[in-house]
Structure formats: structure tokens, C-alpha cells
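Engineer: only geometry, no sequence info:
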């Protein structure tokens, strides 16, 4: 069978699609997509979910007016209108991305699933039937990940959802069960609870957001438990469906709860298995993560990988960084650059927001570091008073900083509270540019009385702790 040869084949159109810009006009390129252009982030991940979160934030604030002596209330959500507004924009962007690629003369946009048949050789099973064979000088694997569906007795007999499908529900469920206490579960619990669903969230861990710093996870869990039903330290043993389309969740502690919708948010698995990477000579670890070097090269010559496929951190900003590195290295093979995965920040867009970068306190001490640790409450700054951060429900909103006493450098920053995803940025910058803690606060102006003063005051405390 005849193969078509390309200079470059890109598998996946999330961040991988950003690689091929005008500088590749002289290359013969194939771009393969098995689903919808834009990848997880655009179509069923960070972008639509944050559009829902922004809507949920307004609903939450409307219901919270009494704390500010306001006669506001939340009187219900038009779920279909919200959904259609969000996906009316998202789906248009995805369609335009595909149309753009299909209109480029030097690019073959193939709709189907690619799998290796040998070194830099692939077959694409096309969505409209048939297949094509490809070979290439370079292959970029931007294959992403997919939700894990756990093996739970009865699950095959009831309707259930993952983050891939739950945002497109026809109606807002009156009651929704969420299995999983990570960032996806946290964000969507906030969305559904704020828009009017009764939420029960189940996780086997002792806290929600268990991968975060323990103080932050405990503070978040305590606040979440005031807003919806949180069941921790238990597992979902089995599920039972009923004729009225409701589902009973049977928990390992003997309790049960009835819901109208079930969301599975227990993690994600990489799609390397769908590409048959072994036949392409591409090594993976025990979890299916494609192994790459500092230049994003895999074990197979001419094969590169990025984003969820290869990164320990399944985050869009990491995938974008990886794509920029690969792009440069493809264009400049004699001047390779490296990926910097040292200080990768992450945020959970729930209510309150959570943000993190670097080591948790537990990780720092496990590594034998002598760390200085400080906490600064939002409630103790002027803008915190304006936001009623001194109320009992938000008294644990804080900035927690860790510094290595031996070097005087930040090694971790963890925030819970309003605008945490923005407030963490100067701390990421300090770590990335190896700035000492001493001078970070007083070496620049901080607008008064802005919320950023919570970071300023935390840094002043940390400097004093280092000097003690």
C-alpha cells in the first residue's frame, strides 16, 4: 500500500495545532484530529467550564447579598440558555479552526484516529470510512487525555457523565452526585450548586483537593461542606438505576443517596494507548505518559510529544509552553531550546479560588528542607474588610508561603480566597527568576488598598521569619 510522506505530522489539535504557523508554509504537513478541533481545553475543559464558573460566581454573589446589606437573591438559572451561550461560542471557534486548516494548501487536515505502524509511520482510520497511510520526517504527539471511568457495579446500567458530557446536559439536574474530590469535581460542584442543583460529593480521601497543601485542602473542604453535601472517607460501592431515571448511590459506609445525574470526576488517563505508541518505538511510563527529554523529544527519533500526553502536569499552559519549545526546535534543529517545568502554577476555579505553585509544606519537609512558613489572612488587610473576609465562613482564606532558610528563596506558595489565580502570579515570577524573598515586598509598590496587599504582607512576614 502506498504511503504519503510528510515533513511533519501533528496528531491532535489542541496545543499541537498552534505549532504550524506561517513559518511552516514550505513544509508539507498533515494534521490529524479524531474529534473536534481545539482539544480538551476549548471543547470540554478549561474554557467552557470557566464560562460556567463565571456564571455560577454571579449566581453565588446574588444569593450572598445579605452579607453586604443588599436585597439581592438568586431566583433560578436558565440552563439551556447558559449552555447555548457558552457552546455557541466554543463550537464556532472549533469549527473555524478546522475550516482554517482545511483551507491551507500545504496542510492535509485528516479527520480520524492515527496509530503507529512503525517508526514515523502511521495509519489514519478516517471518520468517514477507509484509511490512509502516512510517513513523516517528524511526528508530534499532542494526543491529550480522557476521563477515567471506574469499574463500579451497576454503572453500565445507569446514565452517567464525565467532564466530556456533563456541561452539555439538556436540563439542570435537581440533584447531582459527583464522584471525585479533585479540581474537576470542585469546580463543577460549585457550578451546579450555585445554579440550583443539590450536590452530593463523594471521595475516599479525608479532604477535598487532597493533592494540595494540607492547610489549604482542609480550609477548602470546610467551606465546601457549608454549601453542599460532602461525603469523605467513603467509596461508591455500587449504583442502582430506577424507572424514573433516578440513580441510587450506595456508599461503602452503608449510606445511600438518590440523584438525578451522576458525574464521574476521578481523574484522567493519557491517550497514548489509542496511538499504539509501542509500534512507533515511543516509550511510556507505567501510567501511559509518553517519556520526553528536555527538548520534548521522545525515545523515537523524529517523534516529539507535548501537553497531557507527556507532562506530569495536565494543564493547558504547560501544553502551550511545550508546543512553543517543539515549534522552535523543529525550525531550529541546530539551536534547541529546553522546556522549563520547574515552577508550574495551577488554579482551581471554584469558590473560593485555590492556587498553588511549588512544594507543599509536606513535600518540602519530606525533602529535608528547613523551611520558614508563614500565613497571611485575607481578613487582615483593608480590601479583605471590604469583601467581608472577616466573616466566619471565609476566615481561613489565606496566603501560605514557604521559603528555604538555606537559600532565602521561595519554594512554595498556596492561596485560597478571592482572585487567588491572579494573586499568585508575582510569586510565580519570583520563583521563576530566582528572586530572593528579601526585598520582594519593599522593592516595589503595592497598590493600596488593593487585594494584592495580602501577598505583600505575606512576603513581609516571610522576610521577618527568615531573619528570626
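Structural biologist: Everything's here; your move. Just so it is clear, the model here is predicted, and its values are computed rather than measured.
Engineer: what's around the closest residue to residue 220 other than its chain neighbours, how many residues?
Structural biologist: The shortest distance from residue 220 to any non-neighbouring residue, by Cβ to Cβ, 6 or more residues apart in numbering, is to residue 209 (5.4 Å). In this view, the C-beta of every residue, glycine as well, is placed from N, C-alpha and C. When neighbours are counted by other Cβ atoms under 10 Å, residue 209 registers 26.
Engineer: part of a strand, is residue 209?
Structural biologist: No - if the criterion is DSSP: H, G, I helix; E, B strand; the rest coil, then residue 209 is coil and not within a strand.
Engineer: contacting residues for it?
Structural biologist: Residues near residue 209 by Cβ atoms under 8 Å, 6 or more residues apart in numbering: 181, 182, 183, 186, 216, 217, 220, 221, 348, 354.
Engineer: what's the answer for residue 359, then?
Structural biologist: Per Cβ under 8 Å, 6+ apart, neighbours of residue 359: 367, 369, 402, 411, 412.
Engineer: before we move on, back to that, phi, psi for the residue nearest to residue 220 please.
Structural biologist: Here is the backbone geometry of residue 209 (degrees, to the nearest 10): phi 50, psi 50.
Engineer: what's the closest of the contacts of residue 209 to residue 101?
Structural biologist: Within the contacts of residue 209, proximity to residue 101 (Cβ to Cβ) peaks at residue 183, which comes in at 30.7 Å.
Engineer: Next one: that closest one from residue 49, what distance?
Structural biologist: 10 Å (Cβ to Cβ, to the nearest Å).
Engineer: Ok, residue 319 next?
Structural biologist: If you go by Cβ to Cβ, the gap between residue 319 and residue 49 works out to 16 Å.
Engineer: hang on, the earlier thing: redo the contacts of residue 359 as a markdown table? Include neighbour count, pLDDT and secondary structure.
Structural biologist: Formatted as a markdown table, the contacts of residue 359 follow (neighbours: other Cβ atoms under 10 Å; pLDDT from 0 to 100; DSSP: H, G, I helix; E, B strand; the rest coil):
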| residue | neighbour count | pLDDT | secondary structure |
| --- | --- | --- | --- |
| 367 | 11 | 97 | coil |
| 369 | 19 | 98 | coil |
| 402 | 23 | 98 | strand |
| 411 | 22 | 98 | strand |
| 412 | 24 | 98 | strand |
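Engineer: circling back: most neighbours among the contacts of residue 209, please name it.
Structural biologist: residue 181 leads the contacts of residue 209 on contacts (other Cβ under 10 Å) with 29 neighbours.
Engineer: could you say which helix or strand contains it?
Structural biologist: Assigned by DSSP states H and E, residue 181 belongs to no helix or strand.
Engineer: Distance-wise, check it relative to residue 199.
Structural biologist: Taken as Cβ to Cβ, the span from residue 181 to residue 199 is 12 Å.
Engineer: now swap in residue 385 and tell me
Structural biologist: Taken as Cβ to Cβ, the span from residue 385 to residue 199 is 30 Å.
Engineer: more crowded one of the two?
Structural biologist: residue 199 (24 against 13).
Engineer: just checking, that one is part of a strand?
Structural biologist: Yes - assessed by three-state DSSP, residue 199 belongs to a strand.
Engineer: I figured it was touching residue 186, is that so?
Structural biologist: No - the criterion here is Cβ atoms under 8 Å, and residue 199 misses it with residue 186 at 10.9 Å.
Engineer: where do the contact lists of those two overlap?
Structural biologist: Between them, residue 199 and residue 186 share no contacting residue, judged by Cβ under 8 Å, 6+ apart.
Engineer: Need the nearest residue in space to residue 153, chain neighbours excluded.
Structural biologist: Nearest one to residue 153, counting by Cβ to Cβ, 6+ apart, is residue 238 at 4.0 Å.
Engineer: Longest helix in this protein, by number of residues?
Structural biologist: Counting by DSSP state H, the longest helix found in the chain is helix 79-102.
Engineer: can you tell me which residues contact residue 457?
Structural biologist: By Cβ under 8 Å, 6+ apart, residue 457 lies in contact with 376, 380, 381, 441.
Engineer: quick check, nearest of the residues you listed to residue 293?
Structural biologist: Nearest member of these to residue 293, counting by Cβ to Cβ, is residue 441, at 38.1 Å.
Engineer: The closest one: what's it in contact with?
Structural biologist: Contacts of residue 441 (Cβ under 8 Å, 6+ apart): 456, 457, 459, 460, 463.
Engineer: Could you check what's spatially nearest to it, not counting adjacent residues?
Structural biologist: residue 459 (3.9 Å).
Engineer: Over to residue 281?
Structural biologist: residue 300 (3.9 Å).
Engineer: Run a quick neighbour tally on the one you found.
Structural biologist: 19.
Engineer: cool, residue 135 as well?
Structural biologist: 16.
Engineer: That one is in contact with residue 121, isn't it?
Structural biologist: Yes - when contacts are counted by Cβ under 8 Å, residue 135 is listed as touching residue 121 (4.9 Å).
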